[in-house]
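Q: Build me a structure from this.
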Amino acid sequence: MILSFVLVQLLAGLTAAAHVVYVSPIGNDTWSGSLPDPAPCQCDGPLRTLPHAVQVAAAAGAAELRMRSGTYRLTEVLLIAGISDLLIAPYNGEVVNVSGGQELAGTWARHGPSGLWIMDVSAPRNVSFNQLFRDGAQRLIRAREPEQGDFFTIAANLNGSLANTGFVYQGNVLDFMAHDSLDALAQSDVILYRSWQSSRRSIVKVDPSTHTAMLDYPAGIEPTGNSGGRFIVENLLAAVDSPGEYFMDTAAGTLWYYPLPGEDPSVHVFVAPIVVGDLVRIENCTNVTIAGIAIMHADWDRPHALQHSGNVQAASFLQTAAVHFVGSTKCSLIDTEVAHYGEYGVWFDSNSTGNAVIHAFVHDGGAGGIRVGRGNPLPDEPLDGRSGGNLIDESTVVLGSHVFREGNGVLLQKTSGNELARSEVAFFNAVGVSVGWTWDYQPSEANHNYIHDNHIHHLGNGDLSDLAAIYLLGISPGTIVEHNLVHDTLAFTQYAHGIYLDQAASDILVTMNIAYNTLAASLYQHFGRDNNVTNNIFAYSEGGYGTVWQDADPSFGPSNMTFTHNIVFMDERAGAVFECPYLGNGTFASNVYYNASGSLSASFPSLVPGSCNRSLAEWQAAGQDAGSIAVDPLFADPSVYNFTLSPASPVLALGIKPIPMTGFGPTSPVAWRPTCNAPPGQVFSCGVPIVGHSTIYGADYTCGASVHVACNPGFVAVGPTVPTCGPDGWPLARCLPAV
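A: Okay, here's the model as predicted:
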């Protein structure tokens, strides 16, 4: 209640006695900025440009910078540095946008019978960009081959010293690039996939006689990897062959566009981000609050990506964010939208402590959503000076991974004491929430992080593999994962878990969570020690995987966990109760196991290391799972994922506590799902549909439009194959391996 009162005070501007500076699109930077409107004499009034207004507010020691309605376009990063006790917010609740994008001013012209349109963007000044937004909101497709949902195949790696410097492609799929000029090749990208990450490079040479493509820099990953040896190519003229695709020819200053069916590009505004990386940077500040503002249109750093992508997971090689806090404390983003950006949305970087993101809407990102800390400390950063103690609350972080597929929804690296609460994290092609950054039993800088009451769903989306809704690493005393609803994880090939305790994850409490519809184990512990997994519901693992899985790496010593008072609920989609090989030790007691499609399989671990061939009775006779039972828990309606326990449920006698099906995600959620009767300015598009192992036919993604999902050979569709974009997005099919 106290926090809510403070927010109301901030946003309502009830600080009448405070020194206020005003800025307006109709202002003048020669004026004082002390008035919200131009004076009748046109001799004083609000300032005009946001960077200048920040400077004036800082110099004057102002308590507030109030922004009049309109769009404030930036041509370089907005630096807010060395400031204390400043509120930046709209004036009287007006609508304010801060954009790093430029409206393209050229004239569209048809290009003969090709169906393409072209625009000269060399005047008034040549622009270079890697993203394009129709009407400032709808992300268009950077021309790619093959089309959405499909991939080319790598036939082989190169040998010896040439390894990772190129690859052999299958068939003749890249032969068409053999005669491209060096300029054309330099503008195009190839994205190589490997399980949980991807590597973006340029092709410098194609040899059709050997079907070999050579790269500008060695790939950060082995090209074939363990995810099918896949790749795509982007940003070349020959790929502009489907509606919604564009190609930016930077060398010629020409934009090529394939319009949507019935679209006349000349009646739309096309916005290109021209600010690369950081759009707003808050550096060495204290108690600076940004409230009620939309911050959008930041591009990604292509030269940096071409050298460094793929070297480490979670797209953590990226060095910028749309809103980037460095060395700042007690700063806040409140009721702020961060959208249409190229790298991460918000980042509490080094030495940023005690900050907060509250009721934010972070969406449509090139990589991840919100990031805290970094993987390695700066050379002059002491161990106790890393970022920590930050709060992410009541926020919506969705629809990322558009450029860097491995971007995570929320990424907490070497950072402690943070809280992620009452938020929704969804539709990233990798991990939803990642906590920790140490892969062995060395002392970890990530501990006492609290992840609770969140709704985390639709991760992987058939694009990457070896991922999870919630992913944890390293020794993490005091870290708690509590009362989260996680569901719908889908890998390209394998391993899309619900809750994933990866290498050395230890001393973690996992309790009161619900995980279902996972294309692998609902709970997986790679190896770790002394984790307490208690009073959770693990349901509907898919793809023939067991619902619970513990692995171990002998080189790191024993692995163990305590597993008590959990409900494991299965049907024909799960292969077993336990996934094999099952390694490691643990204490199991007072659990419930139930197969809604028949009897439990004999899949409990045996004395033979790694084997899973015991019945529950045999497992109990060996001293495990004392008090556990195989019984229907009597959920309200598990067919629609209502796991509310009946008052008559027999599991209550075991001491299992009912898990409320309410309280997941924001209490005042953002209406981010498109609606066909949306008010002016709201996005009508469902976005590009993503279904792994398929080809998507159709390019109209607006409300009421339909596409066709065709599963690849060896896969079968579960769900609608001709979905229609509606208020809840795409009701998409899932292409699962044929049995």
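Q: okay, CA-based contacts and neighbour counts for the rest of this
A: OK.
Q: Okay, now the unreliable bits of the stretch 151-300 of the chain?
A: Scanning the stretch 151-300 of the chain for pLDDT under 70 picks out the ranges 223-228.
Q: Repeat the analysis, applying 90 as the threshold.
A: 156-164, 178-186, 194-195, 197, 218-230, 242-243, 251-252, 260-263 (pLDDT under 90).
Q: the strands in it, which residues?
A: Shown for the stretch 151-300 of the chain, the strands assigned by DSSP state E, counting those that start in this stretch span residues 152-157, 166-169, 189-194, 197-201, 203-207, 212-215, 230-234, 245-249, 254-257, 270-273, 280-283, 286-291, 294-296.
Q: With distance to Gly460 added, can I get those in JSON lines?
A: Shown next, in JSON lines, are the strands of the stretch 151-300 of the chain (distance: least, Cα to Cα, whole Å):
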{"stretch": "strand 152-157", "distance to Gly460": "19"}
{"stretch": "strand 166-169", "distance to Gly460": "25"}
{"stretch": "strand 189-194", "distance to Gly460": "13"}
{"stretch": "strand 197-201", "distance to Gly460": "11"}
{"stretch": "strand 203-207", "distance to Gly460": "27"}
{"stretch": "strand 212-215", "distance to Gly460": "27"}
{"stretch": "strand 230-234", "distance to Gly460": "16"}
{"stretch": "strand 245-249", "distance to Gly460": "23"}
{"stretch": "strand 254-257", "distance to Gly460": "29"}
{"stretch": "strand 270-273", "distance to Gly460": "27"}
{"stretch": "strand 280-283", "distance to Gly460": "29"}
{"stretch": "strand 286-291", "distance to Gly460": "32"}
{"stretch": "strand 294-296", "distance to Gly460": "25"}
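Q: any chance of the ones you listed in a markdown table, with mean neighbour count and distance to Asn613 too?
A: Formatted as a markdown table, the strands of the stretch 151-300 of the chain follow (neighbours: other Cα atoms under 10 Å; distance: least, Cα to Cα, whole Å):
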| stretch | mean neighbour count | distance to Asn613 |
| --- | --- | --- |
| strand 152-157 | 19 | 38 |
| strand 166-169 | 24 | 42 |
| strand 189-194 | 24 | 33 |
| strand 197-201 | 29 | 34 |
| strand 203-207 | 20 | 50 |
| strand 212-215 | 22 | 47 |
| strand 230-234 | 22 | 36 |
| strand 245-249 | 26 | 52 |
| strand 254-257 | 23 | 58 |
| strand 270-273 | 24 | 57 |
| strand 280-283 | 22 | 57 |
| strand 286-291 | 22 | 57 |
| strand 294-296 | 25 | 55 |
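Q: closest one to Val568 among these?
A: Among the strands of the stretch 151-300 of the chain, the nearest to Val568 by Cα to Cα is strand 197-201 (30.5 Å).
Q: Could you check how far Ala626 is from His565?
A: Distance, Ala626 to His565, by Cα to Cα, to the nearest Å: 11 Å.
Q: Out of those two, name the residue with the larger neighbour count.
A: His565 (26 against 16; other Cα atoms under 10 Å).
Q: hang on, isn't the more buried one packed against Asp625?
A: No - using Cα atoms under 8 Å, His565 makes no contact with Asp625, being 9.9 Å away.
Q: shared neighbours of those two, anything?
A: Here His565 and Asp625 have Ala589, Ser590, Asn591 as joint contacts, going by Cα atoms under 8 Å, 6 or more residues apart in numbering.
Q: The second one: what's its closest spatial neighbour, skipping adjacent residues?
A: Distances taken as Cα to Cα, 6 or more residues apart in numbering place Ser628 nearest to Ser590, at 4.2 Å, with adjacent residues excluded.
Q: Just the pLDDT at that neighbour, thanks.
A: Note on Ser628: pLDDT of 96.
Q: so who does it touch?
A: Ala589, Ser590, Asn591, Val592, Tyr593.
Q: please redo it, this time with the cut-off set to 7 Å
A: The contact partners of Ser628, taken as Cα atoms under 7 Å, 6 or more residues apart in numbering, are Ala589, Ser590, Asn591, Val592.
Q: On the strand side of things, show who the first one bridges to.
A: For Ala589, the residues forming beta bridges with it (DSSP bridges) are Thr564, Ala626.
Q: Hmm, Ile629 and it touching each other?
A: No - Ala589 is beyond contact range of Ile629, at 9.6 Å (criterion: Cα atoms under 7 Å).
Q: related to what we said a few turns ago, nearest to Leu65, out of the strands of the stretch 151-300 of the chain?
A: When the strands of the stretch 151-300 of the chain are compared (using Cα to Cα), the closest one is strand 286-291, at 9.6 Å.
Q: Mean pLDDT per helix and strand in the chain: which one sits at the bottom?
A: Least confident helix or strand, the chain: helix 2-12 with a mean of 41, by mean pLDDT, DSSP states H and E.
Q: what does the helix or strand just after it rub up against?
A: Scanning forward in sequence from helix 2-12 by DSSP states H and E, the next helix or strand is strand 20-23. For strand 20-23, the external contacting residues (Cα under 7 Å, 6+ apart) are 33-36, 46-50, 53, 57, 62-68.
Q: Now intersect those residues with the helices, please.
A: Leu50, Ala53, Ala57 (DSSP state H).
Q: give the contact list for Thr489.
A: 457-461, 468-469, 496-498, 517-519.
Q: Ignore what I typed, I meant Gly354.
A: Shown in contact with Gly354 (Cα under 7 Å, 6+ apart): Thr329, Lys330, Gly388, Gly389, Asn390.
Q: and if we set it to 10 Å?
A: 286-287, 328-332, 348, 387-391, 417-418 (Cα atoms under 10 Å, 6 or more residues apart in numbering).
Q: Gly543 too?
A: Listed by Cα under 10 Å, 6+ apart, the contact set of Gly543 reads 490, 493-495, 517-521, 572-575, 736-739.
Q: again with Ser601
A: Here Ser601 is in contact with Gly575, Ala576, Val577, Phe578, Asn595, Cys612, Asn613, Arg614, Ser615, Leu616 (Cα under 10 Å, 6+ apart).
Q: and it, what are its phi and psi?
A: phi -80, psi 160 (degrees, to the nearest 10).
Q: what about the nearest residue to His304 once chain neighbours are set aside, distance to Ala53?
A: Excluding the flanking residues, the one nearest His304 by Cα to Cα, 6+ apart is Leu318, at 7.9 Å. Note on Leu318: its distance to Ala53, by Cα to Cα, is 29 Å.
Q: again, but for Thr518
A: Using Cα to Cα, one gets 50 Å for the distance from Thr518 to Ala53.
Q: Of those two, give the one with the bigger neighbour count.
A: A side-by-side neighbour count of Thr518 and Ala53, using other Cα under 10 Å, places Thr518 first with 33 against 23.
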